[in-house]
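# fold the following.
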Amino acid sequence: MTKYLLLDCSSIMSPYKYVIKDIDKLEGIVDNFFKQVLRLSEKFDTKNIIFVWEGSGMVPYRKQLYPAYKKGVDKEGNIVEKDQTEEEIAFDKEAYFHFGVCREIVEAVGFKNSFSQAGTEADDVLAIICQEDKENEFVMVTSDEDMFQCLQYNCSLFMFGKKKFMNRRMFEEKYNISPEKWHMVKAIGGCSSDKVPSPKGVGEDTAIKFLNGELKPHLKSYQAIMDYKFKGRNKKLVTIPIPQTKPVVFSKDEATMEKVVEYCYGNGKDNFLNETFEVWEKYFKKQLGGERRGKK
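Presented below is the predicted three-dimensional model:
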């Protein structure tokens, strides 16, 4: 059984964006991304890396089903549209540009297992990889608790934001429910990060008690769950992968230190090469010989 490092790339790139306030320093997203990825490869002792990115190119399937997905609604039921200043819009645009540079470099230096699908989220592609592949072992790097559903497969999780490892046994001990039922926990208890609503007074803990048969029928929360008419819609929103997700096929990587250096010199990425040279070199486990190229 081969071990793969399965990356939710947005979970690795986004934290850097939120701690940097200066638009002129956002280029550091790229350096930080590759340093983190190569260190994760070392931490989990595998050079087999799968990069998964957010889908684009069309209205996401979940927004087609529920336009308020990831936005929420106000008391009158209107979709909440966040007003952004021109500075905030420019900041986001610059950050997303560097997200794109990360993917460009991944693919340019020879990492072949780099995937996204239009209309889906990275979550869906990550999940279908685990669901379809019964032969290999996966360590998924993410910050999204929806991915607890994948613990039912040959998959463990490294929660990047919290720097915590989670496997099936640890999950069941903590949450007192199986990963096979986690989608129903979210369907009933809601998902605050994706703005998936829940019955009034019902959250994750109450949903778990309900699914375990531990919630008393006379309680208001029990009746609220029974009367809630959006459980079916919520289930479609929170279950991963969504039915439209297509299986992926792995390829053999062709990444080399020479390709990293060649890309950097050819694309004005000297600073990136200088900042990340040592972690790349350690990853490939070889020296280029003589004085390190790219070092000033």
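# how is the closest residue to residue 105 other than its chain neighbours assigned, secondary-structure-wise?
Leaving aside its sequence neighbours, residue 105 sits nearest to residue 263 (C-beta to C-beta, 6 or more residues apart in numbering; 6.5 Å). C-beta here means a position set from N, CA and C on the backbone, and glycine is covered the same way. The three-state label given to residue 263 by DSSP: H, G, I helix; E, B strand; the rest coil is helix.
# quick check: the gap between residue 263 and residue 272.
When distance is defined by C-beta to C-beta, to the nearest Å, residue 263 is 9 Å away from residue 272.
# ditto for residue 36
Noted for residue 36: a distance of 14 Å to residue 272, by C-beta to C-beta.
# what's the burial count for the residue nearest to residue 184 when sequence neighbours are not counted?
Distances taken as C-beta to C-beta, 6+ apart place residue 211 nearest to residue 184, at 5.8 Å, with adjacent residues excluded. When neighbours are counted by other C-beta atoms under 10 Å, residue 211 registers 20.
# who are the neighbours in contact with residue 211?
Contacts here follow C-beta atoms under 8 Å, 6 or more residues apart in numbering; on that basis residue 211 touches 177, 181, 184, 185, 188.
# pLDDT value on the first one, please?
Just to be clear, that refers to residue 177. Here, the pLDDT recorded for residue 177 equals 98.
# likewise the fourth one?
In this model, residue 185 is scored at 98, pLDDT.
# excluding chain neighbours, give the residue nearest to it in space.
The spatial neighbour of residue 185 that comes closest, neighbours along the chain excluded (C-beta to C-beta, 6+ apart), is residue 207 at 4.8 Å.
# ok, that neighbour to residue 146 distance?
Plainly put, residue 207 is 14 Å away from residue 146 if you go by C-beta to C-beta.
# neighbour count winner among these two?
residue 207 (25 against 22).
# surely the more buried one is in contact with residue 183?
No. Using C-beta atoms under 8 Å as the test, residue 207 is too far from residue 183 to be in contact (10.8 Å).
# how would you label the spatially closest residue to residue 118 that is not a sequence neighbour: helix, strand or coil?
Ranked by C-beta to C-beta, 6+ apart and with sequence neighbours excluded, the top spatial neighbour of residue 118 is residue 57, at 4.0 Å. Using three-state DSSP as the criterion, the local structure at residue 57 reads coil.
# hang on, the earlier thing: which neighbours do residue 263 and residue 272 share?
For the pair residue 263 and residue 272, residues contacting each of them under the criterion C-beta under 8 Å, 6+ apart are residue 105.
# ok, those two, which is more surrounded?
Each of residue 263 and residue 272 has its neighbours counted (other C-beta under 10 Å); residue 272 has more, 21 against 18.
# what about that one, helix or strand, and which?
Using DSSP states H and E, residue 272 sits in helix 270-284.
# give me the buried positions along that helix.
Burial within helix 270-284, assessed by neighbour count using 16 or more other C-beta atoms under 10 Å, is assigned to 272, 273, 275, 276, 277, 279, 280, 281, 283, 284.
# may I see those residues organised as a markdown table, with distance to residue 51 and pLDDT added?
Written out in a markdown table, the entries for those read as follows (distance: C-beta to C-beta, whole Å; pLDDT from 0 to 100):
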| residue | distance to residue 51 | pLDDT |
| --- | --- | --- |
| 272 | 17 | 94 |
| 273 | 20 | 95 |
| 275 | 20 | 93 |
| 276 | 16 | 95 |
| 277 | 21 | 94 |
| 279 | 16 | 93 |
| 280 | 16 | 95 |
| 281 | 20 | 92 |
| 283 | 14 | 93 |
| 284 | 17 | 92 |
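# could you dump these into CSV with distance to residue 242 added?
Rendered in CSV, the data for the buried residues of helix 270-284 read as follows (distance: C-beta to C-beta, whole Å):
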residue, distance to residue 242
272, 35
273, 39
275, 38
276, 35
277, 40
279, 35
280, 36
281, 40
283, 34
284, 37
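# among those residues, which one sits closest to residue 42?
Relative to residue 42, the closest of the buried residues of helix 270-284 is residue 283; by C-beta to C-beta it sits at 7.5 Å.
# ok, the residue lying closest to residue 32 once chain neighbours are set aside to residue 22 distance?
Excluding the flanking residues, the one nearest residue 32 by C-beta to C-beta, 6+ apart is residue 16, at 4.8 Å. Distance, residue 16 to residue 22, by C-beta to C-beta: 12 Å.
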